[in-house]
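Enquirer: model this:
(one chain, ligands or ions: 1)
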Amino acid sequence: MTILDKIVANKRKEVARAKSRVSYTKLEESEFFSRQPYSFREFLLAPDRTGIIAEFKRKSPSKGIINDKVTVKQVTTAYADAGASALSVLTDKLFFMGRKIDVKRARALNNIPILRKDFMIDEYQVIEAKAIGADVILLIAAILTPAEIDTLATLAKSIGLSVLLEVHNLEELERSINPNLDAIGVNNRNLADFTVSVETSFQLAKHIPDDFLKISESAISNTEVIKELKQAGFSGFLIGENFMRQEDPGAAMREFVQGL
Ligand SMILES: O=P(O)(O)OC[C@@H](O)[C@@H](O)c1c[nH]c2ccccc12
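Expert: Numbering: from 1, shown residues only. Below you'll find the model as predicted:
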């Protein structure tokens, strides 16, 4: 059983529990549910922004605790000030030490899109994403069938959310492509064994149709790589650990973007 299998098995239980505690009606009555989400595309392509999707991540299965001393407020507002095009906030509790309230807090404090970073397997989580103030959801090709991707993406679009599909290889990309997606993210980290290589992004770039935004995810640690990824057609760069492992992640991002 890979780590991804374990995460998904746990997620099924978590979603069942959440459904029994908070009804769809309750979610739809929440303060953020009726807001108009920000457009992921618009913010990624805005010339005065960096294209960086800056992540708030306390812990990961591959690295253990990365930083559990900082607050959502301190980090996300500094990321936005430093020119982030969007925020990525983990909501998986067991493996990433994330919480749904982290997205709510980030929403109340920032005026840029927020990606709810979780393992989406059920329509309930899509409604929940909107209810907690997210603008973008992540669909991971490795854990979803094409039919599931279609169902979740169609629902997300119908409530105004943007959809980012994450792939790790050509086979996943080809089987998962769907007109309801806004962006395709190439994860440079293999979620089954944690190996990382930015080459994955360069190899898959030419196979991603131009109507989708191209995003490179994980293991991005210097601005030279970003310049090369831009040349290869990428407009989004998802960065977590490189900032989060510093005592002041916002300051780390501010310094990083000087090199762009
Ligand atoms: O911390 P990094 O190497 O910069 O990676 C960020 C992000 O890409 C990574 O956290 C991630 C990519 N896809 C995911 C899916 C689930 C959880 C986490 C992720």
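
Enquirer: Please make it C-alpha for all contacts and neighbour counts, starting now.
Expert: OK.

Enquirer: Run through the residues that contact residue 131.
Expert: Going by C-alpha atoms under 8 Å, 6 or more residues apart in numbering, residue 131 touches 27, 28, 30, 31, 32, 33.

Enquirer: Please apply the same query to residue 133.
Expert: Per C-alpha under 8 Å, 6+ apart, neighbours of residue 133: 32, 33, 35, 37, 103, 104, 107, 114.

Enquirer: what about it, which SS state?
Expert: coil (DSSP: H, G, I helix; E, B strand; the rest coil).

Enquirer: quick revisit: from the contacts of residue 133, list the buried ones, please.
Expert: Listed as buried from the contacts of residue 133 are 32, 33, 37, 103, 104, 107, 114; burial here means 16 or more other C-alpha atoms under 10 Å.

Enquirer: Check the gap between the fifth one and the ligand for me.
Expert: Distance, residue 104 to the ligand, using C-alpha to the nearest ligand atom, to the nearest Å: 18 Å.

Enquirer: for that residue, what are its contacts?
Expert: Counting by C-alpha under 8 Å, 6+ apart, residue 104 touches 132, 133, 134.

Enquirer: now do 6 Å
Expert: Neighbouring residues of residue 104 by C-alpha atoms under 6 Å, 6 or more residues apart in numbering: 132, 133.

Enquirer: Mind telling me what element it is part of?
Expert: Taking DSSP states H and E as the criterion, residue 104 maps to helix 100-109.

Enquirer: Using CSV, write out every CA atom in that helix.
Expert: Coordinates of each C-alpha in helix 100-109 appear next as CSV, following Å, rounded to 0.1, in the frame of the first residue of the first chain:
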residue,chain,number,x,y,z
LYS,A,100,-10.4,23.7,7.1
ILE,A,101,-10.3,26.7,9.4
ASP,A,102,-6.9,27.6,7.9
VAL,A,103,-8.6,28.3,4.6
LYS,A,104,-11.3,30.3,6.3
ARG,A,105,-8.7,32.4,8.1
ALA,A,106,-6.7,32.9,4.9
ARG,A,107,-9.9,33.9,3.1
ALA,A,108,-10.9,36.5,5.6
LEU,A,109,-7.4,38.1,5.3
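
Enquirer: roughly how far is it from the heart of the chain?
Expert: Helix 100-109 has its C-alpha centroid displaced from the chain centroid by 14 Å (C-alpha atoms, centre = their mean, to the nearest Å).

Enquirer: Tell me the buried residues in it?
Expert: In helix 100-109, counting by 16+ other C-alpha under 10 Å, buried: 100, 102, 103, 104, 105, 106, 107.

Enquirer: tell me which of the contacts of residue 133 is nearest to residue 80?
Expert: residue 114 (10.7 Å; C-alpha to C-alpha).

Enquirer: got the CA positions of the longest helix that the chain contains in CSV?
Expert: Across the chain, the helix with the greatest residue count (assigned by DSSP state H) is helix 3-21. Once non-C-alpha atoms are left out, helix 3-21 reads as follows in CSV (Å, rounded to 0.1, in the frame of the first residue of the first chain):
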residue,chain,number,x,y,z
ILE,A,3,1.2,6.5,1.0
LEU,A,4,-1.3,7.7,-1.5
ASP,A,5,-3.5,4.6,-0.9
LYS,A,6,-3.3,5.3,2.8
ILE,A,7,-4.3,8.9,2.4
VAL,A,8,-7.3,8.0,0.2
ALA,A,9,-8.4,5.3,2.6
ASN,A,10,-8.3,7.7,5.5
LYS,A,11,-10.0,10.4,3.4
ARG,A,12,-13.0,8.2,2.7
LYS,A,13,-13.6,7.8,6.4
GLU,A,14,-13.1,11.5,7.0
VAL,A,15,-15.6,12.5,4.3
ALA,A,16,-18.2,10.1,5.7
ARG,A,17,-17.7,11.6,9.2
ALA,A,18,-17.9,15.2,7.8
LYS,A,19,-21.1,14.3,5.9
SER,A,20,-22.8,13.0,9.1
ARG,A,21,-21.8,16.1,11.0
